Structures are given as structure tokens and as C-alpha cells.
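Trainee: Provided below for reference: sequence and predicted model.
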Amino acid sequence: MGKVLIIGAGGVGTVVAHKVAQNSNVFDEIMLASRTKSKCDAIAEKIGVNKIKTAKVDADNVDDLVQLFKSFQPDLVINVALPYQDLTIMDACLIAGVNYLDTANYEPKDEAKYEYSWQWAYQDKFKAAGLTAILGCGFDPGVTSVFTAYAAKHHFDEIHELDIVDCNAGDHGKAFATNFNPEINIREVTQKGKYWQDGKWVETEPHEIHKPLNYPNIGAKESYVIYHEELESLVKNFPTLKRARFWMTFGQEYLTHLRVIQNIGMARIDPIIYNGVEIVPIQFLKAVLPDPGELGENYTGETSIGCRIKGIKDGKVQTYYVYNNCSHEAAYKETGAQGVSYTTGVPATIGAMMFMKGLWRKPGVFNVEEFNPDPFMEELNKQGLPWHELFNVDLEM
Ligand code: NDP
């Protein structure tokens, strides 16, 4: 049993709040805090009276965070605000003696660049304080990293090739919308591609490598190699990997909108002066795009995310495909949020459960693949994200 503080009341925060409240045998006190308190109140009201406390917090401000941590005294903070807040929240955790979990690695606001170096630099401080920091506990990163650890533990002597495949075959009926925070999403998918090959990173132009891949229950979808943050920790933690890539599906309509947004300067992250006021174009764009948290109502179809792995078992080459399919409609029915928020919020909750139960608890800063994958995999089946495995199938790679 433990006390948990959720920071961020967006699509993912909505799902975490629902799932944490469903698991009252593990979480006995829950607080949801965010920049806009009314959003926290609306979520808490939907879940039911008195289950969740709410608060306003500016997660860019360490003093504000420390004050909240000291008054509520949580055992663990689940950070589902934005990647910009990772370091301030980690700093506040160290000051107030609170453990930490997030779903996305730190990004500086003024540079579309994400890497773990900033958060890995907290290793000694968390160790010395006897606190645990669990990094990247959404679906990807998160479940894909646990899938890889599970495969390496149970099905291979050595893993050599890893292809993470992320398909969203859903339809929200909008001409253009992003499935999670538009600013973070557009920064992610417009950057150059990058994958790991024979001990070094190979850079590509954005969306340069692509081909159709077949997804279970969905069929063939054009899939593009993009850089994704879990590749950085996975190649470090599984040094036998000779190649590691991340593929994501995009529709033509989505890519056309993205190209236009970039060409007209609306993806810019540097401030410009508009009517005498400083604005950042991509932040303005976010304000006029559909709110990802509101896409759920008419969202049909499903996501399919998994790991396709090739390696050696008992001297023979083996292939393995482990994946989850998640229905947008079912996610909405349960939590009021769409599948992408659901597939992120459920693993964050499971990671928090792993911590509370003492199964994922050791001083220091860790990526999820560094913990025992077995109890997490078991819990995925119970908490709404069942997984399936296929052996020695054509991986299409
Ligand atoms: P949203 O934009 O919907 O929600 C973000 C929330 O954080 C909002 O409630 C926002 O407040 C709040 N927030 C932003 N800045 C601050 C601040 N300074 N202080 C306090 N609260 C703040 O994003 P999502 O829910 O879609 O995504 C949440 C996180 O999940 C992101 O970090 C994203 O990268 C990550 N993610 C991870 C995935 C994975 O698989 N690993 C997949 C998808 C997302 P307000 O409501 O006032 O704007």
C-alpha cells in the first residue's frame, strides 16, 4: 500500500488516474496535480467522490513542487506532464525524499533533442538518497523495453536484431490531429531518423526508410524508420544487439499535413514576435489543434505495438514477435481516453505498482528493461493490455 502523486492531467494523466483508482489494494491515497486544477477536478469527479485529491502545481518550479510533496508526502510521483518537466520534478524528488517514475525522457524546450544523458546524470544523487527513479514506463518506451527484456531472459541466449513496430490503425475522424501532446509529437516525428547498426548510429533523412509491414488483425501498413528514445537505453543494456530500429506507421494524409506545417513555419520551436507579443509557433499550433485527450469519443480501430526480435537460442537462429493490440473504443469506454493515452497510462500504473510492491525498487536511476520483466508482463494481461507471442515467423525485416 502506498501514496501516489500523479502530475499532469492530460490524456495520459486521465488514464493513470482511472487505473490507479481501480487498484485500491495497492494505492491507498491518490493525488492528481497539474497546471490547471479544474482539469484535475473534472477527472476526479468522473472517477468518483473522495477517491482522488487534486491540487494545482507548476511543475517547472522546484519550490512549488517541493511544497506540494512535503504537504502530501507521496511515496512515488508519476510524472505524466511533459518531458520539459522531468528534471525539475526529479530535483524536487531529491529534496523532498520522493521516488520517481516517468514515461518520456527529458527534452530541453529550445532544442528538439531527446536523450537520456540528462536523467542518467542523476544516478549518483538518487543512489545516495536511497531513492528509485524509473524512466520511460509508457508503452514505447516502456512495454517495448520490457518485451525486449522478457525475450532476452526467456527465449534467447543472445538477441541480435530488434525491430520495434508501432502501428496506429485507428480513425478519429479529424483531418489532422496528434495522438498525444502535439508539440512533443510533432517534434518527435519531424526529426531525422536514426538506428543502431554494428556498434554505431546511422542517421537518415526524416521518413527516408519505409516499407509496408503486416500487423496482426490489421494488415499491411506503410511503416517508417524514425528515432525513438528507447533505442538508446536498449542498445546499452543489450550489447549483443547488432541492429536496433523503430518503425512507426503514418498515413499519407498525416504526412501531407506534417509537410505543410513544416513548410509554412508552424513547426518552429523558436519564439517569434506576433502583434508585439512573443509566441512559439508550435505552441500556438497546439492551441488550435484538436486536444488529444478529447479524441476518444469517435475513435475506431486499434493500435498494434510490438517487438520483432531475431537471435540465437541453443545454437540455432530463432525469431520472436511479441505484441499487444489495443482497441480505441474499449479504451474510451473504460477511461474516457483514446488508445494511445491508454497504452501509455496503463504501463505507467503497472510500473508504479511494481514499485509499491517492492518488486522494482532499488536506489538509483533505471530504465525499465533493467528490472525483472516477469511480474510486469503478468500484470499487463490483468490491467487491460494483453500480449501475444509468435515464434519463428517471418519478421518481414
Ligand atoms: P497532454 O498535453 O495531454 O497533457 C500534459 C499535461 O501536463 C496537461 O494536463 C498539462 O497541463 C500538464 N502540464 C504541462 N506543463 C505543466 C507544468 N509546467 N506544470 C504542471 N502541469 C503541466 O499530454 P499527454 O497526456 O498526451 O502526454 C503526457 C506525457 O506522456 C508526455 O510526456 C508524453 O511525451 C508522454 N507519452 C509517452 C508515451 C509512451 O509510450 N512512452 C506515449 C504518449 C505520450 P494543462 O492541462 O494546463 O495544459
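Mentor: Sure thing, it's come through. Since we're looking at a predicted model, the values are computed, not measured.

Trainee: State the mean pLDDT of stretch 127-147.
Mentor: The average pLDDT for stretch 127-147 rounds to 98.

Trainee: no no, stretch 207-222
Mentor: Looking at stretch 207-222 alone, the average pLDDT works out to 98.

Trainee: Identify the residue of the stretch 201-350 of the chain closest to the ligand, quick one.
Mentor: For the stretch 201-350 of the chain, the residue positioned closest to the ligand under CB to the nearest ligand atom is residue 344, at a distance of 4.0 Å. The C-beta positions use only the backbone N, C-alpha and C, and glycine is treated the same way.

Trainee: Point out the residues in the stretch 201-350 of the chain that sit beside the ligand.
Mentor: Of all the residues in the stretch 201-350 of the chain, those in contact range of the ligand (CB under 6 Å from any ligand atom) are 292, 293, 340, 341, 344.

Trainee: Let me see the contact set for residue 230.
Mentor: Residues touching residue 230, when contacts are defined by CB atoms under 8 Å, 6 or more residues apart in numbering, comprise 136, 140, 141, 142, 144, 145, 164, 246, 367.

Trainee: To what extent is residue 381 buried, counted in neighbours?
Mentor: Here the count is done by other CB atoms under 10 Å, and residue 381 has 11 residues near it.

Trainee: how much space between residue 83 and residue 326?
Mentor: When distance is defined by CB to CB, to the nearest Å, residue 83 is 23 Å away from residue 326.

Trainee: What is the lowest-pLDDT residue among the residues of the stretch 201-350 of the chain next to the ligand?
Mentor: Of all these, residue 293 carries the smallest pLDDT score, 83.

Trainee: which residues sit in contact with that one?
Mentor: Residue 293 makes contacts with 10, 11, 14, 337, 341, as judged by CB under 8 Å, 6+ apart.

Trainee: who are the neighbours in contact with the fourth one?
Mentor: Listed by CB under 8 Å, 6+ apart, the contact set of residue 337 reads 11, 12, 14, 15, 293, 296, 331, 345.

Trainee: The second one against residue 338, yeah?
Mentor: Spelled out, it's residue 12. No. Under the contact definition of CB atoms under 8 Å, residue 12 does not touch residue 338, with a separation of 10.7 Å.

Trainee: still on that earlier bit, sort out which of the contacts of residue 337 are in helices and list them.
Mentor: The subset of these located in helices under the criterion DSSP state H comprises 11, 12, 14, 15, 331, 345.

Trainee: now, the most widely separated pair of those residues?
Mentor: The most widely separated members of the ones in helices among the contacts of residue 337, counting by CB to CB, are 12 and 331 (11.7 Å).

Trainee: who does the helix or strand hosting residue 33 pair up with?
Mentor: Taking DSSP states H and E as the definition, residue 33 sits inside strand 27-34. For strand 27-34, the pairing partners within the sheet under DSSP bridges are strand 2-7 (parallel), strand 52-56 (parallel).

Trainee: can you pull the buried residues of the helix or strand following it?
Mentor: Heading C-terminal from strand 27-34, the first helix or strand you meet, by DSSP H and E, is helix 37-47. Neighbour-count burial for helix 37-47, with 16 or more other CB atoms under 10 Å as criterion, is recorded at 39, 40, 43, 44, 47.

Trainee: Next, format those residues as CSV and append pLDDT.
Mentor: Formatted as CSV, the entries for the buried residues of helix 37-47 read as follows, by pLDDT from 0 to 100:
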residue, pLDDT
39, 97
40, 97
43, 96
44, 97
47, 95
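
Trainee: Touching both of residue 12 and residue 331, which residues are there?
Mentor: The contact lists of residue 12 and residue 331 share 337, 341, where a contact means CB under 8 Å, 6+ apart.

Trainee: Just to check, the residue of the stretch 201-350 of the chain closest to the ligand is in contact with residue 15?
Mentor: Yes. With contact defined as CB under 8 Å, residue 344 reaches residue 15; the gap is 7.1 Å.

Trainee: neighbour-wise, which of the contacts of residue 230 leads?
Mentor: Each of the contacts of residue 230 was scored for neighbours by other CB under 10 Å, and residue 145 scores highest at 32 neighbours.

Trainee: Grab the nearest non-local neighbour of the residue of the stretch 101-250 of the chain found nearest the ligand.
Mentor: Scanning the stretch 101-250 of the chain for proximity to the ligand using CB to the nearest ligand atom identifies residue 138 as nearest, at 2.3 Å. Leaving out its chain neighbours, the residue that sits closest to residue 138 by CB to CB, 6 or more residues apart in numbering is residue 103, at 3.4 Å.

Trainee: which ones are touching that neighbour?
Mentor: Going by CB under 8 Å, 6+ apart, residue 103 touches 12, 79, 80, 136, 137, 138, 141, 142, 344, 347, 348.

Trainee: and the last one, how many neighbours does it have?
Mentor: A count of neighbours around residue 348, defined by other CB under 10 Å, yields 28.

Trainee: For the helix or strand containing it, buried residues please.
Mentor: Assignment of secondary structure by DSSP H and E places residue 348 within helix 339-356. Along helix 339-356, the positions that meet the burial threshold by neighbour count (16+ other CB under 10 Å) are 339-356.

Trainee: Many thanks, we can stop here.
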